[in-house]
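Enquirer: Have a look at this prediction, sequence included:
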Amino acid sequence: MNQLKWWQKTLVYQVYPKSFQDTTGTGTGDLPGVTRRLDYLKSLGVGAIWLTPCYPSPMVDNGYDIADYCAIDPAYGTMEDMETLIAEAKKRGIRIVMDLVYNHSSDQHPWFLESKRDRTNDKADWYIWRDPKEDGSAPTNWRGIFGGSAWTYVEERGQYYLHTFAEAQPDLNWENPAVRHALYDAANFWLRKGVGGFRIDAIVYIKKPSVLADGKPDAGDGMVSIHEMIANTPGILDFLYEFRREVFDGHDIFTVAEANSVPPEDLCKWVGKKGAFSMLFEFTHMNLEFEGGEIWCHAKKWPLTKLKGALTASQKGTAASGWYPIFFENHDQIRSVSRYFSADADPILAAKAMATVLLTLRGTPFVFEGQELGMRNMKLPRIEDYDDISSHGQYQLALDEGFSPKEALAFVQAHSRDNARTPMQWSKEKNAGFTAGTPWLPVHPDFADVNVEAEERDAGSVLNYYRALAHERLAGKASHVLLAGDYRELMEEDERIYAFSRSFGDHTAYVLVNFTAKDAPYDEGVHAGAKRLFGNYADTVRGTLRPCEARVYIK
C-alpha cells in the first residue's frame with residue numbers, strides 16, 4: 001500500500017464551474033466561487049479538483065469549444081483568480097486538475113480563423129479539410145455526436161471541414177506535428193502554473209482513418225454515427241505516447257483520459273507504467289442502454305448483470321498494470337440515482353447505495369458536484385428550456401425517427417446532460433444559495449431539502465454518509481483493504497444484488513448492494529465470518545437486503 005501514489009489514495013471532485021458557485025450575481029459560477037468552497041471540499045476527503053473548461057470560449061458547448069488554451073474566460077474570472085485558486089487549494093492539500101480539449105477547438109480560435117481563409121496559409125492543414133463529393137454534398141455520411149452532418153462547408157476554401165461534435169468545434173489535425181506541439185506547449189503552460197494533472201476530453205477521436213469513407217446508415221436520416229467510424233483508430237497510441245513524453249513524464253501529476261470505446265482487454269495499453277495515461281474513463285457501464293451509438297430514442301432496458309459485468313471487466317482490465325477511475329456521474333451524464341434505480345426507489349437510500357459502490361471499488365473515486373447530496377434528474381417542460389446542444393440534436397433525431405414532440409421531449413428529459421448541470425444546492429435560500437442573480441439553468445425544485453446546509457445538520461443525510469464512508473476508505477480500519485485490495489465479483493448471476501470482495505493480506509471486505517426496490521434474500525455464506533462495518537440502514541436483517549440496501553463487511 002505504501003507504493004500507492006498520492007492520487008491513488010484520495011478522492012477527486014469534479015467541479016462544473018458554471019454551476020458551482022456564483023460570487024458576482026451574473027447567474028453563472030466563477031473561479032472565486034470554487035475558492036470560497038475549498039473547505040467544504042476538504043471535508044469530503046477531496047485531494048484533487050477537476051475543473052471543466054474555464055478557458056475563453058463562445059460557449060456553444062459550455063466551454064468545450066475553446067478559443068484560447070492559455071487564458072481564462074472573463075465570465076469565470078481572471079488568471080489571477082486561477083492562480084489564487086491553485087495556491088489556496090495547495091494550502092489544503094488539494095491539487096487543481098485542468099480539462100484539456102484537444103480533439104477540436106472553437107471555430108473562433110485564431111488557428112481556425114486563419115486555416116479557413118484559404119488553402120495556402122500557414123495553418124491551412126491544422127484542421128481536417130476535404131473536397132465535396134461530385135454532387136457537392138458532404139465528403140461522407142457521418143453524423144456528428146450532437147446530430148446533423150459532421151461536415152460544414154466553407155466558401156472561402158471551397159471545402160468542408162470535419163467536426164466530431166458541433167459545427168463550432170472543428171477537429172484539429174493531429175497528423176500535423178506543429179498542431180501536436182502547439183497543444184503540448186499549452187499543457188506545459190498549465191504545469192508551470194502548478195496544476196496537479198489533466199483530464200483529457202474526447203481523446204479517442206484524435207486519430208482519423210487514412211481513408212474517410214461512407215458508413216452503413218444507422219437511423220432514418222441516412223447517416224452513421226461518427227463515433228463508429230473514427231473512435232480508437234489504429235495508430236492513436238503513437239500520438240498518445242508522444243503526448244506523455246512531451247508533457248506528462250517527469251511530473252508528480254495524474255492524467256485521466258475520456259475514452260468511451262477502449263475495450264477492457266486493451267486498457268493495459270492505455271494506462272499503467274507502459275500506458276499513455278494514469279487512468280482512463282471508459283463508458284461501458286455508462287452506456288448500458290445504448291447499442292451501436294448513443295441515440296436516445298433507441299435506449300433499451302438493461303439487466304443488472306450487464307452493469308456488474310462491465311464494472312468487473314474494468315476492474316480486471318486494470319488489476320495487473322493499471323488503475324481505474326471509479327465514476328458514475330459527470331457533466332455529460334445523467335444523475336446516477338435516476339440512471340441505476342427505478343422511479344419507486346427511495347432516493348436517499350439509492351444515493352447511499354451508489355456511494356457505497358463508488359467508495360469501495362478498486363481505483364480512485366470521482367465525485368461529481370451534487371452527487372454527494374443525492375441530486376437527481378430534473379424534467380424541464382419544453383425543449384426550449386434545455387441549454388445542452390446535444391439535447392436539441394437528439395430531440396430532432398427523435399422527430400426524424402417518427403416520434404411525436406411529446407415522446408421526443410421525454411427522451412431528452414431522461415437523458416439530457418442538463419440533468420447534471422443544474423446549479424449546486426448550498427442552502428434553502430433563493431436559488432439554493434448558488435447566485436444572487438438569475439441562474440443560467442433552473443435550480444432543481446427539491447433544493448429546499450437537498451442542500452449542503454440542511455444535510456450537514458442531518459446525521460442520516462447522503463452528505464454525511466459520503467463523509468463517513470470516505471473517511472473509512474481513506475483513514476479507517478479497513479482503508480488498507482479498500483485502497484489496495486484485490487477485487488473479485490461474487491454472486492455473478494444475481495439480477496438483484498451486486499456483490500464483490502476486496503482482499504489485502506489476511507483481511508477481506510465484502511460489499512453487497514441491492515439495486516431493487518424490493519427485499520432481496522441471499523445466502524449469508526458469501527461473507528461468512530465477517531462483521532458488518534458499514535451500511536445505509538441503521539440495523540441488519542440477517543439473510544436479506546432490504547430495498548436499496550448496501551452493506552460492507554470486514555474480516
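Expert: Perfect, thanks for sending it.
Enquirer: Only C-alpha atoms from now on, for both contacts and neighbour counts.
Expert: OK.
Enquirer: quick one, longest helix in this protein?
Expert: As assigned by DSSP state H, the longest helix anywhere in the chain is helix 177-193.
Enquirer: Pull out the buried residues from that helix.
Expert: Within helix 177-193, the residues scored as buried using 16 or more other Cα atoms under 10 Å are 179-181, 183-188, 190-191.
Enquirer: and if you look at stretch 460-480?
Expert: 461-466, 469-474, 478-480.
Enquirer: Using CSV, write down the CA coordinates of that stretch.
Expert: Only the C-alpha atoms of stretch 460-480 are listed here, as CSV (Å, rounded to 0.1, in the frame of the first residue of the first chain):
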residue,chain,number,x,y,z
GLY,A,460,-28.6,10.5,8.4
SER,A,461,-28.1,12.5,5.2
VAL,A,462,-26.5,11.4,2.0
LEU,A,463,-23.8,14.0,2.5
ASN,A,464,-22.8,12.7,6.0
TYR,A,465,-22.9,9.2,4.6
TYR,A,466,-20.4,10.2,1.9
ARG,A,467,-18.1,11.8,4.5
ALA,A,468,-18.2,8.9,6.9
LEU,A,469,-17.6,6.3,4.2
ALA,A,470,-14.9,8.4,2.6
HIS,A,471,-13.1,8.6,5.9
GLU,A,472,-13.4,4.8,6.3
ARG,A,473,-11.8,4.4,2.9
LEU,A,474,-9.0,6.8,3.3
ALA,A,475,-8.2,6.5,7.0
GLY,A,476,-10.4,3.9,8.7
LYS,A,477,-9.5,0.4,9.9
ALA,A,478,-10.4,-1.0,6.5
SER,A,479,-8.5,1.6,4.5
HIS,A,480,-5.7,-0.8,3.5
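Enquirer: give me the low-pLDDT residue ranges for this structure?
Expert: The chain contains residues with pLDDT under 70 at 1-2.
Enquirer: rerun at 80
Expert: Scanning the chain with the threshold set as pLDDT under 80 gives 1-2, 264-265, 292-293, 321.
Enquirer: Out of the buried residues of helix 177-193, flag the one nearest to G505.
Expert: Comparing the buried residues of helix 177-193 against G505 with Cα to Cα places L191 closest, at 37.6 Å.
Enquirer: The closest one: what's it in contact with?
Expert: By Cα atoms under 8 Å, 6 or more residues apart in numbering, L191 lies in contact with G197.
Enquirer: let's go with 10 Å and repeat that
Expert: 97-98, 185, 197-198, 247-248, 251, 253 (Cα atoms under 10 Å, 6 or more residues apart in numbering).
Enquirer: I'd like to know which of the residues you listed are part of helices.
Expert: When the contacts of L191 are checked against helices (DSSP H), the matches are D185.
Enquirer: and the contacts of L191, which are buried?
Expert: In these, the ones that pass as buried (16+ other Cα under 10 Å) are 97-98, 185, 197-198, 247-248, 253.
Enquirer: ok, of those residues, which one's closest to Y76?
Expert: M98 (14.1 Å).
Enquirer: measure the closest one to A87 for me?
Expert: As judged by Cα to Cα, to the nearest Å, M98 and A87 stand 14 Å apart.
Enquirer: again with D238
Expert: D238 is 35 Å from A87, by Cα to Cα.
Enquirer: How about P365?
Expert: Applying Cα to Cα to P365 and A87 gives a distance of 24 Å.
Enquirer: quick one, which of these two is more surrounded?
Expert: Between P365 and A87, counted using other Cα atoms under 10 Å, P365 has the larger neighbour count: 26 against 19.
Enquirer: Doesn't the more buried one belong to a helix?
Expert: No - going by DSSP: H, G, I helix; E, B strand; the rest coil, the assignment for P365 is strand, not a helix.
Enquirer: Correct me if wrong: it contacts N330.
Expert: No - P365 lies out of contact with N330 (Cα atoms under 10 Å); the separation is 12.0 Å.
Enquirer: shared neighbours of the two, anything?
Expert: Shared contacts of P365 and N330, defined by Cα under 10 Å, 6+ apart, are found at Y13.
Enquirer: quick one: which helix or strand includes the closest residue to W111 other than its chain neighbours?
Expert: Distances taken as Cα to Cα, 6 or more residues apart in numbering place K123 nearest to W111, at 6.6 Å, with adjacent residues excluded. Using DSSP states H and E, K123 is not contained in any helix or strand.
Enquirer: In helices, which of the buried residues of stretch 460-480 appear?
Expert: Per DSSP H, the buried residues of stretch 460-480 map to helices at 462-466, 469-474, 479-480.
Enquirer: Rebuild those as a markdown table, extending it with distance to G309.
Expert: Formatted as a markdown table, these follow (distance: Cα to Cα, whole Å):
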| residue | distance to G309 |
| --- | --- |
| V462 | 27 |
| L463 | 29 |
| N464 | 30 |
| Y465 | 27 |
| Y466 | 25 |
| L469 | 24 |
| A470 | 25 |
| H471 | 28 |
| E472 | 26 |
| R473 | 24 |
| L474 | 26 |
| S479 | 25 |
| H480 | 25 |
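Enquirer: now, which of those sits nearest K274?
Expert: H480 (25.6 Å).
Enquirer: I'd say the closest one and S503 touch.
Expert: Yes - taking contacts as Cα under 10 Å, H480 lies within contact range of S503: 9.2 Å.
Enquirer: Restrict stretch 503-511 to CA atoms and write it as PDB.
Expert: Coordinates of each C-alpha in stretch 503-511 appear next as PDB, following Å, rounded to 0.1, in the frame of the first residue of the first chain:
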ATOM      1  CA  SER A 503      -8.800  -8.600  -0.300                       C
ATOM      2  CA  PHE A 504      -5.400  -7.400   1.100                       C
ATOM      3  CA  GLY A 505      -3.100  -9.600   3.100                       C
ATOM      4  CA  ASP A 506      -5.200 -11.500   5.700                       C
ATOM      5  CA  HIS A 507      -8.200  -9.200   5.500                       C
ATOM      6  CA  THR A 508     -11.200  -9.200   3.200                       C
ATOM      7  CA  ALA A 509     -14.000  -6.700   2.800                       C
ATOM      8  CA  TYR A 510     -17.400  -7.800   1.300                       C
ATOM      9  CA  VAL A 511     -19.700  -5.300  -0.400                       C
END
